[in-house]
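Q: Sharing a sequence plus its predicted fold:
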Amino acid sequence: MIRAGRADQVRTIAELARQQGVSMSKYEKDKPYLAEGFPKPISSEGSRFRLYDAEQVDAYLTGRPIPALPDEDDDQDLLDRREAADLIGVALASWDVYKKRPELQQHLVVAGGVDHWPRGVILAFRQNQTSRPARGGRPKGTGDMVPREQLLDRTALLLDADPTLSTAKVTEALGVHTATAQRALTQLRARRIADRLEHDPALTPAEAAAELGYPAGHIRAALAQAEVELRARGAAVYLRQITEALHDADLATSPVPPVVEQTGETLRASVPLTDNAPVPALVWEEETGWRTAGRRRHPFTAPDTRPLLIGTTRPTPGDLLAALRGLTPPGPAH
């Protein structure tokens, strides 16, 4: 967690690399932050993005004693999604639903590119959390009775209470269409199975589902989706490295990694570039790798596309930068 009043001391892996005068790819390869005596990360255990306290890192790099961080909990401590879920005793997938509520969204703090919430806000949310009364079944010929933005939230509460929850029970409790209930259940179970597999990679998806109490005969789609979810999370880590490198080179409009989209069984993402870049945007696709896009809006269908670095789908940031810089910017239209 980020202790109260220390949000301005947060330092990312990319910032550590710049501080020590090396490229991001070399820094990730050498991993000096794993050396004995290097300050512990302030991000939660298992987090995909390592964050460090700048004061501690500076002390280590200059050979001074590493100062201790405050050890008493404070309402202004900033907790990431794993810590927030642990604090109120819910699964990560449930917190990912809860965090969209206005009472949490308005207190969101992004530190080091990672979402955080104040401890006091999370505790107040837990205290004010009340179960919603179940509705009757969905009247014939009517639309879903639960707004789309509330569906996963409401279904997550039901699944928290009963891991064997059926589509029929969701339909009855929330007054939604059977297909709507099935999609929500599959999505939530897939995320929670993926969370369990991240925590213990030795498990198979079926074993993770069994530990969570999910009935084996009704989760085939969730098992398949969990594997896609894990691939998407791995892609997000890779894309974060790429966007940080592009941003450091003044070629990407933001260091924040792009949203990984799923189309069928494959994944894709797009990265808008600055006016300094030779093309408006880049597109990454799981099966084919990187290609250029002729516009920032709707990049997946943009014209003037050409592949970059054929033969590899996940080139290093350095290799991608070199390939991008080697492109000739398009001339003015006539």
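A: That came through, no problem. Bear in mind that the values here come from a model prediction, so they are computed numbers and not experimental data. Numbering: from 1, shown residues only.
Q: mind listing what the residue nearest to residue 95 when sequence neighbours are not counted touches?
A: With CB to CB, 6 or more residues apart in numbering as the criterion, residue 95 has its nearest non-adjacent residue at 3.9 Å, and that residue is residue 85. (Each C-beta comes from the backbone N, C-alpha and C, glycine too.) Contacts for residue 85 (CB atoms under 8 Å, 6 or more residues apart in numbering) come out as 91-92, 94-95.
Q: Residue 85 sits in which helix or strand?
A: helix 81-88 (DSSP states H and E).
Q: follow-up on the earlier one: what pLDDT is listed against the residue nearest to residue 95?
A: Looking at residue 85, its pLDDT reads 86.
Q: now swap in residue 133 and tell me
A: According to the prediction, residue 133 has pLDDT 42.
Q: Next, the angle helix 81-88 makes with the helix or strand residue 183 falls within.
A: For residue 183, the host element (DSSP H and E) is helix 178-199. Interaxial angle of helix 178-199 relative to helix 81-88 (axes from the mean of the first three to the mean of the last three CA atoms, to 10 degrees): 100 degrees.
Q: Figure out how far the helix or strand following helix 178-199 is from the centre of its chain.
A: Once helix 178-199 ends, the next helix or strand along the chain (criterion: DSSP H and E) is helix 205-211. Computed by CA atoms, centre = their mean, to the nearest Å, the chain-centroid distance of helix 205-211 equals 22 Å.
Q: Which elements pack onto helix 205-211?
A: helix 178-199, helix 220-248 (3 or more CB pairs under 8 Å, 6 or more residues apart in numbering; DSSP states H and E).
Q: Give me the residues contacting the shortest one.
A: Meaning helix 178-199. 46, 91-93, 96, 144, 151-152, 155-156, 159, 165, 167-168, 170-171, 174, 176, 203, 205, 208-209, 211-212, 214, 219, 221-223, 225-226, 228-230, 233.
Q: buried subset of those?
A: Neighbour counting by 16 or more other CB atoms under 10 Å classes 91-93, 96, 144, 151-152, 155-156, 159, 165, 167, 170-171, 174, 176, 205, 208-209, 212, 214, 219, 222-223, 225-226, 228-230 among those as buried.
Q: what ranges do the strands span in the stretch 1-150 of the chain?
A: 10-12, 51-53, 78-79, 109-111, 114-118 (DSSP state E, counting those that start in this stretch).
Q: can I get these in CSV with distance to residue 283, mean pLDDT and mean neighbour count?
A: Shown next, in CSV, are the strands of the stretch 1-150 of the chain (distance: least, CB to CB, whole Å; pLDDT from 0 to 100; neighbours: other CB atoms under 10 Å):
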stretch, distance to residue 283, mean pLDDT, mean neighbour count
strand 10-12, 25, 92, 20
strand 51-53, 29, 94, 23
strand 78-79, 34, 94, 24
strand 109-111, 25, 89, 15
strand 114-118, 25, 92, 21
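Q: Reformat the ones you listed as a markdown table; add distance to residue 182.
A: Converted to a markdown table, the strands of the stretch 1-150 of the chain look like this (distance: least, CB to CB, whole Å):
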| stretch | distance to residue 182 |
| --- | --- |
| strand 10-12 | 39 |
| strand 51-53 | 38 |
| strand 78-79 | 33 |
| strand 109-111 | 34 |
| strand 114-118 | 29 |
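Q: Of these, which is nearest residue 308?
A: strand 10-12 (25.5 Å; CB to CB).
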